[in-house]
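Asks: coordinates for the following, if possible.
(one chain, ligands or ions: 1)
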Amino acid sequence: MSIFTKIISGEIPSYKVAENEKFYAFLDINPNAKGHTLVVPKEEVNKLFDLDEELYNELMSFSRKIAIAIEKAVPCKRIGLSVIGLEVPHVHVHLIPLQAMEDIQFIKKVTLQPEEFEAIAKAIADNL
Ligand code: 5GP
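Replies: Numbering: from 1, shown residues only. Here you go, the predicted model:
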């Protein structure tokens, strides 16, 4: 069972942004930038392009809605999207508020306090 399946079930806590029948969106615990969000299909599939085509399209559509809400909630130039998965073998879309190219490079990380995570998750959810 992946760590994200445990997050979706509530076994591991997360700063939830949104959820529906098929997807779960929450803040990345080690963010590149404030507002860095992960969107995960509840079905545990390892690689993005192994997803059933319909679920893939729904994942992108759900991610788009979340990205639009992040852009309203977090000051940034735009929202970047990345799919990597080298660390957690359960499909997840990274949505990252960008100010500079380095924000999408997974090199520089920001440290946030629990209250900040809670406030950002709420601000994004409020803009959905
Ligand atoms: P990737 O698999 O795309 O290389 O990276 C996995 C991402 O998941 C990383 O950005 C990492 O910070 C995030 N991550 C890993 N474990 C947890 C966790 O337990 N909770 C949260 N919220 N994010 C996690």
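
Asks: close to the ligand: what parts of the protein are there?
Replies: Applying the criterion CB under 6 Å from any ligand atom, the portion of the chain that neighbours the ligand consists of 3, 7, 12, 14, 26-30, 84-88, 92. In this view, the C-beta of every residue, glycine as well, is placed from N, C-alpha and C.

Asks: how many other residues sit next to residue 106?
Replies: For residue 106, the count of nearby residues is 15 (other CB atoms under 10 Å).

Asks: that one against residue 86, yeah?
Replies: No. The pair formed by residue 106 and residue 86 falls short of the contact definition of CB atoms under 8 Å, at 9.7 Å.

Asks: what's the neighbour count on residue 50?
Replies: 9.

Asks: nearest residue to the middle of this structure?
Replies: residue 38 (1.3 Å; CA atoms, centre = their mean).

Asks: what's the closest non-adjacent residue to it?
Replies: Closest residue to residue 38 apart from its sequence neighbours, by CB to CB, 6 or more residues apart in numbering: residue 92 at 4.6 Å.

Asks: can you report phi and psi for residue 18?
Replies: Backbone torsions of residue 18, given as degrees, to the nearest 10, read phi -160, psi 160.

Asks: list the contacts for it?
Replies: If you count contacts by CB atoms under 8 Å, 6 or more residues apart in numbering, residue 18 has them with 24, 25, 62, 65, 66, 69, 124, 125, 128.

Asks: go on, residue 21?
Replies: Shown in contact with residue 21 (CB under 8 Å, 6+ apart): residue 42.

Asks: any idea how far it lies from residue 55?
Replies: Distance, residue 21 to residue 55, using CB to CB, to the nearest Å: 11 Å.

Asks: swap in residue 32?
Replies: With distances defined as CB to CB, the gap from residue 32 to residue 55 amounts to 26 Å.

Asks: pick out whichever of those two has more residues nearby.
Replies: More neighbours surround residue 32 than the other of residue 32 and residue 55, with 22 against 16 (other CB under 10 Å).

Asks: can I assume that one sits in a strand?
Replies: No. Going by DSSP: H, G, I helix; E, B strand; the rest coil, the assignment for residue 32 is coil, not a strand.
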